[in-house]
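Colleague: fold the stuff below for me.
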Amino acid sequence: MARWSPIERTLREQHGPLLAGVDEVGRGPLAGPVVACAVIMPHDRRAIAGVNDSKQLDHATRVVLAARIREQALVIALGAASAREVDRINIYHATVLAMRRALQRIPTRLGAAPDHVLVDGKPLRTLGVDHTAVVKGDAKCYAIACASIIAKVTRDRLMTSLALRYPHFAWERNSGYGTAFHRQALAEYGLTPHHRQSFCLDTQVSLALDAISPDSSHD
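Modeller: Now for the predicted structure:
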């Protein structure tokens, strides 16, 4: 992403220079929280070369870019929703909750609220703030891409830290996603407090069925 997008320039003209890009990571894993990030980048500086949707970047590149984003950002605010919250309110509402928590930290850190909010995806009725939603915004809008990178690097570091306490699941490699190794470890060691039970139920049933020989007979 070589420059600010036209939609970002238009939104700044309409609302003001403090445009917060918001994105989340961790909707799909079997374990760990959903992590959201809100970033306000300085409008009078050129976009950082190489910034893109975090899913399009390798780990080393994300880490380098995250450091550059942190150097330039006017404010970076993080929010999360735990695995228990995902189970209690479902992944959609947990995602919105993580985004709200990130946005609520901006006034404290910056001393001012954003002039406008730009989010990846579709409009979020319960976000609680006026916002503009852009489908695949993490690949189209600079501010959202910056938020995507920070959120991804933050969550990966968290899962690597948790992996030290739960080494059987290799979270330092899979970030809690349902890889074959992770699923097999679930079958052997069961759930941890950081697993999303609502996500793991189908996995455990599938593993149990796989363990039954097709020619097994039962009275």
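Colleague: next one: Thr160, what pLDDT does it get?
Modeller: At Thr160, the pLDDT value in this model is 98.
Colleague: if you could redo that for His131, that was the one I meant.
Modeller: pLDDT, His131: 98.
Colleague: show me the beta-bridge partners of it.
Modeller: Bridge pairing for His131 (DSSP bridges) gives the partners Val117.
Colleague: so it makes contact with Lys122?
Modeller: No. Counting by C-beta atoms under 8 Å, His131 stays clear of Lys122, with 10.8 Å between them. No exception for glycine: its C-beta is placed from N, CA and C like everyone else's.
Colleague: higher neighbour count, these two?
Modeller: His131 (19 against 9; other C-beta atoms under 10 Å).
Colleague: gap between the more buried one and Ser175?
Modeller: Using C-beta to C-beta, to the nearest Å, we find His131 at a distance of 27 Å from Ser175.
Colleague: does Ala47 touch Arg9 like I think?
Modeller: No. Judged on C-beta under 8 Å, Ala47 makes no contact with Arg9 at a distance of 11.4 Å.
Colleague: quick one, helices of the chain?
Modeller: 6-15, 59-72, 83-89, 91-110, 142-163, 171-174, 180-189, 197-210 (DSSP state H).
Colleague: nearest to Asn52, of these?
Modeller: Proximity to Asn52 (C-beta to C-beta) singles out helix 142-163 among these, at 5.6 Å.
Colleague: does anything pack onto the closest one? Which helices or strands?
Modeller: Contacts defined by 3 or more C-beta pairs under 8 Å, 6 or more residues apart in numbering; DSSP states H and E place helix 142-163 against strand 19-25, strand 34-40, helix 59-72, strand 75-81, strand 116-120, helix 171-174.
Colleague: can I get the ones you listed in TSV with distance to Asp138?
Modeller: Converted to TSV, those look like this (distance: least, C-beta to C-beta, whole Å):
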stretch	distance to Asp138
strand 19-25	5
strand 34-40	11
helix 59-72	12
strand 75-81	16
strand 116-120	5
helix 171-174	21
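Colleague: and Arg196, which of these is closest to it?
Modeller: Per C-beta to C-beta, nearest to Arg196 of the helices and strands packed on helix 142-163: strand 34-40, 9.7 Å.
Colleague: now the helices of the chain in CSV, with distance to Val22?
Modeller: Output for these, formatted as CSV (distance: least, C-beta to C-beta, whole Å):
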stretch, distance to Val22
helix 6-15, 13
helix 59-72, 14
helix 83-89, 18
helix 91-110, 5
helix 142-163, 6
helix 171-174, 25
helix 180-189, 28
helix 197-210, 23
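Colleague: winner for burial among the ones you listed?
Modeller: helix 142-163 (a mean of 24; mean count of other C-beta atoms under 10 Å).
Colleague: least reliable of the helices of the chain going by mean pLDDT?
Modeller: helix 197-210 (a mean of 64).
Colleague: so what's the residue nearest the centre of the chain up against?
Modeller: In the chain, the centroid-proximal residue (C-alpha atoms, centre = their mean) is Val25; its distance is 1.5 Å. With contact set as C-beta atoms under 8 Å, 6 or more residues apart in numbering, Val25 has these partners: Val34, Val35, Ser54, Ser148, Ala151, Lys152, Arg155.
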